[in-house]
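>>> coords please:
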Amino acid sequence: MSPLQIRFLGGTHEVGRIAIAVKTEKTQIMLDYGVMLNHEPGFPMHIPPKDVDAIILTHSHLDHSGAIPIFYIHGKKPLYTNKLNLELSHLLISDFIHLSSYYLPFEYLELRSMMKSNKALDFNVEETVGDITFQLVNAGHVPGSASILVEAEGKKILYTGDFNTVDTRLLEGAKMEYDDLDALIIESTYADEDHTERLELEKRLVDEITEVVERGGIVLIPAFGVGRSQEIACVLAAHHFEYPVTIDGMAREAGRIMMNYKEFLRDPKLFMDAMHSANWVEGWRDRRKATKKAGVIISPAGMLKGGPAVFYISKIGKKANNAVFLVSYQIPGTPGRELLEKGVCLIDGKIRKVKARVEHFDFSSHCGASQLKEFVKKLGGNPKVFVVHGAEGNCDLFAKWIKKEVGFEAFAPHTGDVVKI
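Model prediction:
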């Protein structure tokens, strides 16, 4: 048997632009092809599209999906992912083209071609391209998200993508039980920290929101449009929150899409209740109205880099009886991180001190350190482990821990590295 080759084209020692090529003598598939969102988008290493037989996408977030249209500039490649992922990716990549087209080698035309090239693949259904067989398995990260199990040349590889083994109001956690892997490619976003226990976190969030609202204040919750916004709405509904909840920006569109794919959700009834009881902003009148009465506003962008949240903070941030509750990870250098660390934000064109109360609640859709370790510990077999998708030393840190505590061969590959299994 020929060895199976894995090539890391991005997402090593960083969070962003993840891209992994898996190759036999006859066939090559691409697992994710994302972008790095800095001031200008960063791309993975180039791979000639003619050398790729298929692309498999784990989920819609741009650090996994954002560069896929490159494969459709000249010609078409089959793209395997489920229909929910595809629609959410379309939403995010359209927005990305709208905001960054100056820097991008593709346009809406390539995105359309990508949509048409989709071969919808549900969870746990085997599919074959050339001499490679693969399936998507629920990853519990955002609605539709998957891990990819690849089999070729008598070998089994699992690429976790972003995953979460903890149940949330929105999704069931990933089950992740494997006993005969030859290789594991695993994320390490939170290899150095644990998240607060979910129910305790929910209760604290709802209590603190209620306190602000009952004093006549407004709580702005800047949240990622896909996943986090809908989860926070579900949390409020589950705790029977009685005050007005307003949903704006991409969170509305993503919510509408998810309503058509309820089978991916943990509690469809709760989800529909949350969506139906919220006020949906349809234009500027609604937006201004939301800033006039006590309640909660859920709006992207999660790191305050754009979206209606920027308008809301300029109104809500000026008053001490209001609050801004951040519920997403804040990347260093983003407006959200500045707000958290320095209490300042861009208001009316100037960097100003925010008078509203600012708090961070660690809602995460990734495994924390304990879940990552637990998953690796219960693996059977003797897989080679490759640690990716981690910043600030997390890839090395987790690879060292795996070697020392579990005894598997573990590596933190660099971009461009090629390994044989």
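>>> pretty sure His13 is in contact with Cys395, am I right?
Yes. Contact criterion C-beta atoms under 8 Å: His13 and Cys395 qualify, at 5.2 Å. No exception for glycine: its C-beta is placed from N, CA and C like everyone else's.
>>> so what sits against both of these two?
Common contacts of His13 and Cys395 (C-beta atoms under 8 Å, 6 or more residues apart in numbering): Ala412.
>>> Look at the two and report which has more neighbours.
Remark: of His13 and Cys395, Cys395 carries more neighbours, 29 against 20, as counted by other C-beta atoms under 10 Å.
>>> Which helix or strand contains that one?
helix 394-401 (DSSP states H and E).
>>> Now the element after that helix, going C-ward?
Next along from helix 394-401, by DSSP H and E: strand 410-411.
>>> Give me the average confidence score over that next one.
Averaged across strand 410-411, the pLDDT comes to 95.
>>> Equivalent analysis for stretch 143-150, please.
Across stretch 143-150, the average pLDDT comes to 97.
>>> Check stretch 286-295 too.
The model assigns stretch 286-295 a mean pLDDT of 95.
>>> Let's see the distance spanning that stretch from one end to the other.
From its first residue to its last, stretch 286-295 covers 14 Å (C-alpha to C-alpha, to the nearest Å).
>>> and His90, that's in a helix?
Yes. Assessed with DSSP: H, G, I helix; E, B strand; the rest coil, His90 lies in a helix.
>>> List the contacts of it.
Contacts of His90 (C-beta under 8 Å, 6+ apart): 111, 115.
>>> swap in Pro383?
158, 181-184, 408.
>>> For ChimeraX, write the select line for the buried members of the residues you listed.
Here is the ChimeraX selection string for the buried members of the contacts of Pro383, based on 16 or more other C-beta atoms under 10 Å:
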select :158,181,182,183,184,408
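>>> Keep only those of the contacts of Pro383 that are in strands.
Counted as lying in strands by DSSP state E, out of the contacts of Pro383, are 158, 183-184.
>>> Closest to the centroid, which residue in the protein?
Centroid-nearest residue in the chain, with C-alpha atoms, centre = their mean: His61, separated by 4.6 Å.
>>> Would you mind measuring from that residue to Phe386?
If you measure His61 against Phe386 using C-beta to C-beta, to the nearest Å, the figure is 20 Å.
>>> Next, the buried residues of stretch 141-161.
For stretch 141-161, burial by neighbour count (16+ other C-beta under 10 Å) applies to 141-152, 155-161.
>>> Hmm, I typed the wrong one, I wanted stretch 280-294.
For stretch 280-294, by 16+ other C-beta under 10 Å, it's 281, 287, 290-291, 294.
>>> neighbouring contacts of it?
213-214, 216-218, 243-244, 246-249, 252, 279, 297, 308, 311-312, 315-316.
>>> in what helix or strand does Glu253 lie?
Following DSSP H and E, one finds Glu253 within helix 250-259.
>>> I'd like the next helix or strand past that helix.
Using DSSP H and E, the first helix or strand after helix 250-259 is helix 268-277.
>>> Remind me what that next one packs against, helices and strands.
helix 228-238, helix 250-259 (3 or more C-beta pairs under 8 Å, 6 or more residues apart in numbering; DSSP states H and E).
>>> Can you tell me which of those helices is most buried?
Among the helices and strands packed on helix 268-277, helix 228-238 has the highest mean neighbour count (mean count of other C-beta atoms under 10 Å), at a mean of 25.
>>> So which elements touch the helix or strand following it?
Counting by DSSP H and E, the element after helix 228-238 in chain order, helix or strand, is strand 245-247. If you count contacts as 3+ C-beta pairs under 8 Å, 6+ apart, strand 245-247 packs onto helix 228-238, strand 279-280, strand 295-299.
>>> could you dump the ones you listed to a markdown table with distance to Met114?
Putting the helices and strands packed on strand 245-247 into a markdown table (distance: least, C-beta to C-beta, whole Å) gives the following:
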| stretch | distance to Met114 |
| --- | --- |
| helix 228-238 | 24 |
| strand 279-280 | 28 |
| strand 295-299 | 28 |
